[in-house]
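Asker: From the sequence below, what's the structure:
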Amino acid sequence: METIAENRQARHNYHIEDTFLAGMVLEGWEVKSILAGRGNFGMGGAFIAIRDGEAFLEGTHLTPDAHVQRNALNGVSAVRTRKLLLNRSELNKLQKKVVERGYTIVPLEVQREGAGRKLKLLIGLAKGKKQYDKRADQKARDLERAGG
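Answerer: Below is the predicted model:
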């Protein structure tokens, strides 16, 4: 799978415990805009919410291409909530962890499956890092670069 977009802030701000691959319900112009690099998957505070036994991607901004006609958008917002496709067992596991232990679910990467237009979202079950954890990670990276 080829990585199309990456949420770099997620690995900086969270300890990623587990990852899952989810399909996304998108419209045609949204797929084109992601493939063109016009999707913002992390800087705006994107997260995954589980409601009524379904997962939704929220807080993601997709800018439509200039050639997309206004009537093709049908009044759809660029920051709308997008449904994610996961197995029931994966949804139950995620929901259980989020409710019981205070985890959050964040988007990590958008990947393209094969040469087609099917896009998958790599999501992570995560816990927030404290400031001292972030400093320790930065120090370890700096030491690895200097020594390596």
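Asker: alpha carbons only for contacts and neighbour counts from here, please
Answerer: Will do.
Asker: Return, as residue ranges, the portions of the protein with sub-threshold pLDDT.
Answerer: 42-44, 66-78, 148 (pLDDT under 70).
Asker: What are the contacting residues of stretch 106-121?
Answerer: Under the contact criterion C-alpha atoms under 8 Å, 6 or more residues apart in numbering, stretch 106-121 has outside partners 1-8, 10-11, 21-24, 31, 41-42, 46-48, 122-126.
Asker: List the buried residues for the helix or strand hosting Arg141?
Answerer: Remark: Arg141 resides in helix 131-147, with elements defined by DSSP states H and E. By neighbour count on 16 or more other C-alpha atoms under 10 Å, the buried set for helix 131-147 is Lys134.
Asker: Which parts of the chain are helices?
Answerer: For the chain, the helices defined by DSSP state H occupy 8-13, 28-35, 70-73, 88-101, 131-147.
Asker: Can you pull up the most central residue in this protein?
Answerer: Pro107 (2.0 Å; C-alpha atoms, centre = their mean).
Asker: Tell me what it is bridged to.
Answerer: Assessed by DSSP bridges, Pro107 has beta-bridge partners Ile123.
Asker: Now do it against Ile123, distance only.
Answerer: 4 Å (C-alpha to C-alpha, to the nearest Å).
Asker: Gln138 too?
Answerer: Gln138 is 23 Å from Ile123, by C-alpha to C-alpha.
Asker: again with Leu94
Answerer: Taken as C-alpha to C-alpha, the span from Leu94 to Ile123 is 11 Å.
Asker: between the two, what contacts are shared?
Answerer: Joint contacts of Leu94 and Ile123 (C-alpha under 8 Å, 6+ apart) are Ile105.
Asker: Give me the number of neighbouring residues for Gly39.
Answerer: Under the neighbour criterion other C-alpha atoms under 10 Å, Gly39 is assigned a count of 22.
Asker: Excluding chain neighbours, give the residue nearest to it in space.
Answerer: Spatial nearest neighbour of Gly39, chain neighbours left out: Leu62 (4.5 Å); criterion: C-alpha to C-alpha, 6 or more residues apart in numbering.
Asker: Could you list the buried residues of stretch 15-25?
Answerer: 15-16, 20-25.
Asker: hey, what's the closest residue to Glu90 other than its chain neighbours bridged with?
Answerer: Nearest residue to Glu90 in three dimensions, chain neighbours excluded: Phe20, at 7.9 Å (C-alpha to C-alpha, 6+ apart). Taking DSSP bridges as the rule, Phe20 bridges to Ile123.
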